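A.B. asks: Dropping a prediction and its sequence here:
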Protein chains: 2
Amino acid sequence: MKLRFDYNNMMADVIGEHGIDPSDVNRDASAIGAAYDDVMANLGKGWQEWTELPYMNYSDLDSLIARMNDIRSKASAFVVLGIGGSALGPISVVQALLNMRLNELPSSALRAAGLPKLYIEDNIDPERMHELLELLDLKTTYFNVITKSGETSETLAQFLVLYDLMKKAVGAEEAKKHFIATTTMGKGTLYRLAEKEGFVTYGIPAGVGGRFSVLSNVGLVPFAAMGIDVKKLLAGAKEMSEACRTADVRKNPALMTAYLQCKAMEKGANISVMMPYADSLKYMSDFYCQIWAESLGKATDKKGNTVHAGQTPAKALGVTDQHSQVQLYTEGPFDKVITMIAVEKFRRDVLIPSDPDIDACDFLKGHTMGELLNHERVATEYALRKAGRMNFTIVLPEVNEETVGELLAYYMYETAFAGAYLGVDTFNQPGVEEGKKATFAMLGRKGYEDKLAEVRSAVKKDEYYI
Amino acid sequence: MKLRFDYNNMMADVIGEHGIDPSDVNRDASAIGAAYDDVMANLGKGWQEWTELPYMNYSDLDSLIARMNDIRSKASAFVVLGIGGSALGPISVVQALLNMRLNELPSSALRAAGLPKLYIEDNIDPERMHELLELLDLKTTYFNVITKSGETSETLAQFLVLYDLMKKAVGAEEAKKHFIATTTMGKGTLYRLAEKEGFVTYGIPAGVGGRFSVLSNVGLVPFAAMGIDVKKLLAGAKEMSEACRTADVRKNPALMTAYLQCKAMEKGANISVMMPYADSLKYMSDFYCQIWAESLGKATDKKGNTVHAGQTPAKALGVTDQHSQVQLYTEGPFDKVITMIAVEKFRRDVLIPSDPDIDACDFLKGHTMGELLNHERVATEYALRKAGRMNFTIVLPEVNEETVGELLAYYMYETAFAGAYLGVDTFNQPGVEEGKKATFAMLGRKGYEDKLAEVRSAVKKDEYYI
């Protein structure tokens, strides 16, 4: 395991009364053990099929990689259509491993790098769609349509728009070659469509839910298309999986931090801030926000008791949000845990030049921007500690395929352990059904007439408008 | 006022027991009145100089506009160096009013539009800086360095790097013409530097704090440089200011929603989610997150009582986060208020084509993406209401200079009223000093030797590392 975890500042013997009593870890040993056993008993089973993805036979990926290499050699742009779990994993990984300004590089630089532009379109905003269409040369654009159920309205809407345009641009026969479907094999609208049209199709295993799917074909197809070493990514995830399968909580980062977060919730910390100190890791927060919110935010536990469980994740970015959120974090309510992600060594650094005429900048002399950033991280950590605020740090020696794979696997195991500890169903999302039904009703879908009447009957009062 | 506010779903008589008792508004009339009076008594005074910005003589802006038109005609890129309040206002406005993919447009399209590329660099990540430098043609790049105090370490570090490179690229004499400073006139390191080098310099009024500065030269300079109609933006802000100066809480959107948020906090809603349903308004959440967190997150009230006040803002984006956060919002703890921002009419829309062969997509037939998005917003609002979750909606008829100006002014007044209601100092940020001092200490700045010793003496335990 290349990642390191420092949870000193979670503990009462380090930060004081607002921390967690170190003896709690022993006192709760059986509950921790039960959560561990729950996850371990289900490795590879039911909705925990995601645990086996890093253990796949990597040579099975060779044909996928070869096909994606071929597409990459022909593509000016690769566009992912997906939302939620079909987008957040891919977004977090490509931000970490590709040039963050890839799409702005001149064509010559892209050609030299052998890379297409990449777009991950996870919303149905029509203005955003127009602005995308103005940039694409459809003749050399490839689309990867991702929806596990094959029924996601937003993704199907995007697909219908773009497939129609592609057929007009290159003709029906050629258009088929520009679409790749990633979905559940054998069922759902996208699968049937892909079959009918003859799209290349990749499957998503039944027991891999959207928010746990980044290491399935959901992520592997776009990563391979962009030349990311997917085997190293999986190897990193495998290494972290081993650490997260350790029974000793003091050696298992996912189990320990899941436990500490749950204890923090008991102490009133209903907010969990994810704060990477690196722009390349900015969207890891988005990945975390989904997996943490949607997995733990549940009205009932598995026994059917009403619990309204969950901790609200919030995104922050170091050092930027020191100038936005840290005032609140150090002085506001004791209601949150702040997780910092540190990068020890940036892939490239910048020396800050000195100006002999400016005394006030003298303290920056001889330092790099990376040093300044990391000093600020440690300083913020220190200020939070001094203010008695719970925080912990995940350290990446460097950002690369292995460490990113480790981080993703850590998040997934941490979430699974936290869900098991809280006793909720980590892998369902019943709370989104009502909104989907109401949408279908308003769109006039057959069978939703009663729902439409219900939605329309929700009275509003004129006096509550300004 | 073009914006409309619908707070039906905040009220107990609409959403049930977890809402706010409608009779509270009368019961708290004197506290609401006191908060109103506090803000009104200080219009244009002390730290409330921001309230007068929309009332400036707009013809005073003509020379700024002319100068920025000239720069725009010469620039291939306009780069803002700033962090926190010097960046978040500009980011939120340009995302709303410019092409969201401006920097990816081919040079020919940019030339046709008469626009440079725009970069707002609000972090010191060295990898991000390297990737920026690969894109810039320094000969035609203009930098706007923004720091109110003139002392912000991050911004000075960026400046030192880029000014050094510019001097090497175009020579010392020419380099001076590529930098514009926005800072407090007459004092601070940036001001002294700008004087010495002969940069064009724009002032920030003493009583306008960073997070309330978007309508000062902090925003006006880059907006004018990008061809945004700053007079219309200010006119929108002025129109909203009038509404927010209304004494009747039932007609004053900022006063009413500030009050409702404070009441919600009393009921345990320590989280405030900002959820625009439009990609163009995505970064309004970032603006809101700063102004709300840094203004209200305070350890003590104005009387010196320890209060640890504050509500933690969280960013979400509709419809995307329906697939990430809404499960938690509908089923998790009753600990948040969700503010949706609706856009009635998108500037451009996209019709979803029908596919006669796909029955399952039939319900999308004849609808536009904008309609789908807005139906989903109303459906989510309905689902939240049905689950008894407090939420309210801000409606923009369309996104344009006036409505964006209105929204910004609304946020500022809402924050001022909330701070006054809570009794905290809305305009200071003492909680960030500790981190700054610790940073200076670690960088070896003179005078911080004791702080360095203090930081180094903070013991950590080996057992709390994994």
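C.D. replies: Arrived safely, thanks for sending. Residues are numbered from 1 along each chain as shown, chains lettered A, B, ... in the order given.

A.B. asks: For residue A:369, which residues are in contact?
C.D. replies: Residue A:369 makes contact with A:349-350, A:352, B:124-126, B:129, B:157, B:161, according to CB atoms under 8 Å, 6 or more residues apart in numbering or on different chains. Heads up, the C-betas are built off the backbone N, CA and C, glycines and all.

A.B. asks: and if you look at residue A:311?
C.D. replies: Each residue near residue A:311 by CB under 8 Å, 6+ apart is listed here: A:261, A:265, A:269-272, A:292, A:296.

A.B. asks: Regarding chain A, what is its longest helix?
C.D. replies: In chain A, taking DSSP state H as the definition, the longest helix is helix A:401-422.

A.B. asks: Now do the buried residues in that one.
C.D. replies: Residues A:401-422 are the ones in helix A:401-422 that count as buried (16 or more other CB atoms under 10 Å in any protein chain shown).

A.B. asks: sorry, back to before: in helices only, show me the contacts of residue A:369.
C.D. replies: B:126, B:129, B:157, B:161.

A.B. asks: and those residues near chain A, which?
C.D. replies: Here is what survives when the ones in helices among the contacts of residue A:369 are matched to chain A using CB under 8 Å from any CB of the partner chain: B:126, B:129, B:157, B:161.

A.B. asks: After the helix or strand residue A:67 falls within, which helix or strand is next? Please name it.
C.D. replies: Per DSSP states H and E, residue A:67 falls inside helix A:62-74. For helix A:62-74, the following helix or strand on the C-terminal side (DSSP H and E) is strand A:77-81.

A.B. asks: ok and the helix or strand just after that following strand relative to strand A:77-81, angle-wise?
C.D. replies: Using DSSP H and E, the helix or strand that follows strand A:77-81 in sequence is helix A:88-97. Put simply, helix A:88-97 runs at 150 degrees to strand A:77-81, going by axes from the mean of the first three to the mean of the last three CA atoms, to 10 degrees.

A.B. asks: Count the neighbours of the residue in the stretch 1-150 of chain A that chain B sits nearest to for me.
C.D. replies: Closest approach between the stretch 1-150 of chain A and chain B, counting by CB to the nearest CB: residue A:84, at 2.7 Å. Counted with other CB atoms under 10 Å in any protein chain shown, residues neighbouring residue A:84 total 29.

A.B. asks: Please list all residues in contact with the residue lying closest to it once chain neighbours are set aside.
C.D. replies: Leaving aside its chain neighbours, residue A:84 sits nearest to residue B:323 (2.7 Å; criterion: CB to CB, 6 or more residues apart in numbering or on different chains). By CB under 8 Å, 6+ apart, residue B:323 lies in contact with A:83-85, A:210, A:290, A:432.

A.B. asks: how much space is there between the residue positioned nearest the centre of chain A and chain B?
C.D. replies: Taking CA atoms, centre = their mean, the centroid of chain A lies closest to residue A:287, which sits 1.6 Å from it. For residue A:287, the distance to chain B equals 9 Å [CB to the nearest CB, to the nearest Å].

A.B. asks: which stretch of helix or strand covers that residue?
C.D. replies: Counting by DSSP H and E, residue A:287 is part of helix A:284-296.

A.B. asks: Using CSV, write down the CA coordinates of whichever helix or strand comes after that helix.
C.D. replies: Once helix A:284-296 ends, the next helix or strand along the chain (criterion: DSSP H and E) is strand A:312-315. Output in CSV follows, covering the C-alpha atoms of strand A:312-315 (Å, rounded to 0.1, in the frame of the first residue of the first chain):
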residue,chain,number,x,y,z
THR,A,312,-23.6,15.0,4.4
PRO,A,313,-20.4,15.1,2.3
ALA,A,314,-19.1,18.5,1.3
LYS,A,315,-16.4,19.3,-1.3
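
A.B. asks: can you list contacts of strand A:312-315?
C.D. replies: A:270-274, A:285-286, A:288-289, A:292-293, A:336, B:271, B:312-315, B:328, B:332-333, B:335-336.

A.B. asks: what does the stretch 51-200 of chain A put close to chain B?
C.D. replies: Applying CB under 8 Å from any CB, one finds that the stretch 51-200 of chain A approaches chain B through A:83-85, A:87-88, A:99-101, A:103-105, A:109, A:117, A:122-132, A:134-135, A:151, A:153-154, A:156-157, A:160-161, A:164, A:189, A:192-193, A:196.

A.B. asks: Put the buried members of these into a PyMOL selection.
C.D. replies: Here is the PyMOL selection string for the buried members of these, based on 16+ other CB under 10 Å:
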select buried, chain A and resi 83+84+85+87+88+99+100+101+103+104+105+117+122+123+124+125+126+127+128+129+130+131+132+135+151+153+154+156+157+160+161+164+189+192+193
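
A.B. asks: count of neighbours near residue A:204?
C.D. replies: Counted with other CB under 10 Å, residues neighbouring residue A:204 total 24.

A.B. asks: again, but for residue A:14
C.D. replies: 18.

A.B. asks: do the same with the one 10 residues further on
C.D. replies: Here the number of neighbours of residue A:24 (other CB under 10 Å) works out to 16.

A.B. asks: so it touches residue A:262, yeah?
C.D. replies: No: in this structure residue A:24 lies outside contact range of residue A:262 using CB atoms under 8 Å: 10.5 Å.

A.B. asks: coming back round to it: what pLDDT, on average, does the helix holding residue A:287 get?
C.D. replies: For helix A:284-296, mean pLDDT rounds to 98.

A.B. asks: quick one: that helix to chain centroid distance?
C.D. replies: Relative to its chain's centre, helix A:284-296 lies at 6 Å (CA atoms, centre = their mean, to the nearest Å).

A.B. asks: Report all helices and strands that that helix contacts.
C.D. replies: Applying 3 or more CB pairs under 8 Å, 6 or more residues apart in numbering or on different chains; DSSP states H and E, we find helix A:284-296 packed against helix A:88-97, strand A:271-276, strand A:312-315, helix A:401-422, helix B:326-331.

A.B. asks: relative to helix A:88-97, how tilted is that helix?
C.D. replies: Put simply, helix A:284-296 runs at 160 degrees to helix A:88-97, going by the same axes, to 10 degrees.

A.B. asks: what about residue A:350, distance to residue A:100?
C.D. replies: 15 Å (CB to CB, to the nearest Å).

A.B. asks: Make JSON lines from the contacts of residue A:311 and add neighbour count and distance to residue A:427 to it.
C.D. replies: Listed next are the contacts of residue A:311 as JSON lines, based on neighbours: other CB atoms under 10 Å in any protein chain shown; distance: CB to CB, whole Å:
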{"residue": "A:261", "neighbour count": "26", "distance to residue A:427": "18"}
{"residue": "A:265", "neighbour count": "21", "distance to residue A:427": "20"}
{"residue": "A:269", "neighbour count": "24", "distance to residue A:427": "24"}
{"residue": "A:270", "neighbour count": "22", "distance to residue A:427": "22"}
{"residue": "A:271", "neighbour count": "23", "distance to residue A:427": "23"}
{"residue": "A:272", "neighbour count": "23", "distance to residue A:427": "19"}
{"residue": "A:292", "neighbour count": "26", "distance to residue A:427": "13"}
{"residue": "A:296", "neighbour count": "28", "distance to residue A:427": "11"}
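
A.B. asks: right, and out of the residues you listed, which lies closest to residue A:342?
C.D. replies: residue A:272 (17.3 Å; CB to CB).

A.B. asks: Quick check: beta-bridge partners of the closest one?
C.D. replies: residue A:313, residue A:337 (DSSP bridges).

A.B. asks: who's in contact with it?
C.D. replies: Counted by CB under 8 Å, 6+ apart, residue A:272 has contacts A:261, A:292, A:311-314, A:336-337, A:339.

A.B. asks: So residue A:245 sits against residue A:37, correct?
C.D. replies: No: the criterion here is CB under 8 Å, and residue A:245 misses it with residue A:37 at 11.7 Å.
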